[in-house]
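Asks: I'll drop the sequence and a predicted model, then ask my questions.
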Amino acid sequence: MPAPHARQITLAAAERRRLKQLAYSHTAPYQQVIRVRIVLDVSHGYSNAKISRLRGVTVDTVRTWRGRYADEGMPGLKDRPRTGRPSRFTPLQVCEVKALACQLPAETGVPLSRWSCPDLAGEVIGRGITETISASTVRRILASDAIKPWQYRSWLFMRDPDFAARASRVLDLYARVWDGAPLASDEYVISCDEKTSIQARCRCHPTLPPGVARTMRVNHEYQRGGALAYLAAYDVHQAQVFGHCSAKTGIVPFMTLVEQVMTTEPYASAKRVFWVVDNGSSHRGKAAIDRLAKRFPSAVMVHTPIHRSRPGIWPWDWGSGWTRCHSSFVTATPSSPQPFDEVFRAGGVRIIKTPPPAPRANAMCERVVGRLRREVFDQMLIFNEKHLSKIVTEYAEDYNQHRPHQSRDQRPPLVETTDTRPIADLADARSVRRHPILNGLINQYHRAA
């Protein structure tokens with residue numbers, strides 16, 4: 001019987017270019033690169049034996065990929081479906097594992113607050129569902145249905161009978177609308193919030209700097225210097241932040257922050273300045289509204305719904321049509337509890353779900369306070385009120401005068417009043433200099449002279 005002839009492959013110019021790109025790719029899978037190179041060698045007329053020596057594979061491997069490409073083209077270089085190892089667990093056992101994960105541990109008599117994969121594996125074996133199962137196998141079974149019993153999300157019922165009305169006023173202000181009319185150019189919206197219990201701590205011994213073959217050494221013990229509070233006011237549409245440090249929260253610290261903002265232009269000469277605040281003791285009820293209006297007639301206090309210090313939803317989640325569809329809202333996640341829907345419907349409110357994952361936080365100011373905590377407070381030890389004031393002042397100056405904002409075409413908030421240089425093109429060959437802020441915790445970059 002005559003020996004079978006090797007399959008011949010002739011490549012078009014476009015096909016050859018594509019194969020060469022894959023053959024010299026640094027990101028393509030290694031097996032695919034080898035197969036593509038085998039095809040290219042075949043197109044050059046090399047024998048199977050020569051290709052096997054060049055590529056370090058067997059002759060049978062060369063023959064296989066030569067034949068598959070000749071019959072199927074590029075799709076033939078992919079792995080074919082495989083059956084894999086037979087499953088060790090029946091569909092009933094898999095369903096029982098998922099059902100157990102969807103129960104609270106307390107309902108099954110297990111003294112845990114939530115399940116983990118090792119705990120579930122032990123409980124499955126203890127119940128006799130299967131003789132043995134690993135935690136990684138449990139994780140794969142749960143992952144097929146996106147079940148994660150070790151995660152949770154907190155929620156609460158609305159307790160404000162005027163929730164929809166109050167929330168609508170706040171959301172309208174974020175869209176620059178008040179009582180159905182658009183705000184004028186000399187009207188502003190300020191979102192105010194407080195960061196309490198900032199711990200002031202001082203190390204008992206000085207920190208030692210790093211040296212040769214030695215890391216920086218920080219003493220484990222520290223002395224408590226009490227707790228401080230940081231009050232922030234955020235201009236929603238100008239992206240400008242104001243801050244005030246105080247030993248505690250209250251009416252006086254809040255009015256001090258208001259005084260700081262309202263005596264600064266353009267707010268001092270503004271027609272109206274709306275202050276969006278929660279229902280904290282510093283600015284609660286009709287008395288706080290009257291106190292603010294008496295001190296600054298142009299200031300209008302707007303309260304968020306009760307038991308909801310974060311009343312909002314980001315305006316850009318809805319696009320251009322958001323002002324027409326915010327009669328109510330609820331976070332759109334699979335874990336949203338059904339009672340929320342019933343409460344809304346009972347009040348005759350239409351439910352509009354936000355795109356997942358939509359932020360729970362209201363207020364624009366929550367974003368600023370959260371960023372300040374993550375970027376600064378989580379990285380530094382605050383010694384006292386003076387130290388805290390210096391840190392937040394330096395941070396606010398960088399935020400207002402140097403940090404770019406996407407909503408302002410990558411310009412800082414005070415671009416109109418600050419001599420801000422054009423945006424630097426970092427691809428330029430000229431050098432860029434770094435200016436450290438807060439001892440290098442934040443950096444500014446400027447074009448070298």
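Replies: Noted; the coordinates are in hand.

Asks: from here on, just use CA atoms for contacts and neighbour counts.
Replies: Noted.

Asks: helix, strand, or coil at the closest residue to residue 241 other than its chain neighbours?
Replies: Spatial nearest neighbour of residue 241, chain neighbours left out: residue 234 (4.5 Å); criterion: Cα to Cα, 6 or more residues apart in numbering. Using DSSP: H, G, I helix; E, B strand; the rest coil, the structure places residue 234 in strand.

Asks: got a pLDDT number for residue 234?
Replies: Listed pLDDT for residue 234 reads 90.

Asks: any low-confidence regions in this structure?
Replies: Along the chain, the parts satisfying pLDDT under 70 run over 1-5, 307-365, 415-431, 447-449.

Asks: chain center to stretch 162-172, what's the gap?
Replies: 26 Å (Cα atoms, centre = their mean, to the nearest Å).

Asks: buried ones in it?
Replies: Under the neighbour-count criterion of 16 or more other Cα atoms under 10 Å, stretch 162-172 has 163, 164, 166, 167, 168, 169, 170, 171, 172 buried.

Asks: for that stretch, C-alpha coordinates in PDB please.
Replies: C-alpha atoms of stretch 162-172 as PDB (Å, rounded to 0.1, in the frame of the first residue of the first chain):
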ATOM      1  CA  ASP A 162     -42.700  62.400  52.700                       C
ATOM      2  CA  PHE A 163     -39.800  60.400  51.300                       C
ATOM      3  CA  ALA A 164     -40.800  60.800  47.600                       C
ATOM      4  CA  ALA A 165     -41.400  64.600  47.900                       C
ATOM      5  CA  ARG A 166     -38.100  65.300  49.800                       C
ATOM      6  CA  ALA A 167     -36.100  63.100  47.600                       C
ATOM      7  CA  SER A 168     -37.500  64.700  44.500                       C
ATOM      8  CA  ARG A 169     -36.500  68.200  45.700                       C
ATOM      9  CA  VAL A 170     -32.900  67.100  46.300                       C
ATOM     10  CA  LEU A 171     -32.700  65.300  42.900                       C
ATOM     11  CA  ASP A 172     -34.200  68.300  41.200                       C
END
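
Asks: that older thread, tell me which of the buried residues of stretch 162-172 fall in helices.
Replies: Counting by DSSP state H, the part of these found in helices is 163, 164, 166, 167, 168, 169, 170, 171, 172.

Asks: nearest to residue 306, out of those residues: which one, please.
Replies: Using Cα to Cα, residue 163 is the member of those that lies nearest residue 306, at 7.5 Å.

Asks: how near is the closest one to residue 51?
Replies: 74 Å (Cα to Cα, to the nearest Å).

Asks: share the number of residues neighbouring the closest residue to residue 301 other than its chain neighbours, please.
Replies: Nearest in space to residue 301, with sequence neighbours left out and distances taken as Cα to Cα, 6+ apart, is residue 275 at 4.7 Å. Using other Cα atoms under 10 Å, residue 275 is surrounded by 24 other residues.

Asks: likewise residue 146?
Replies: 10.

Asks: against residue 98, how distant is it?
Replies: Applying Cα to Cα, the value for residue 146 to residue 98 is 10 Å.

Asks: can you map out the helices along the stretch 51-200 of the chain?
Replies: According to DSSP state H, counting those that start in this stretch, the stretch 51-200 of the chain carries its helices in the segments 59-72, 91-101, 117-126, 135-143, 163-174.
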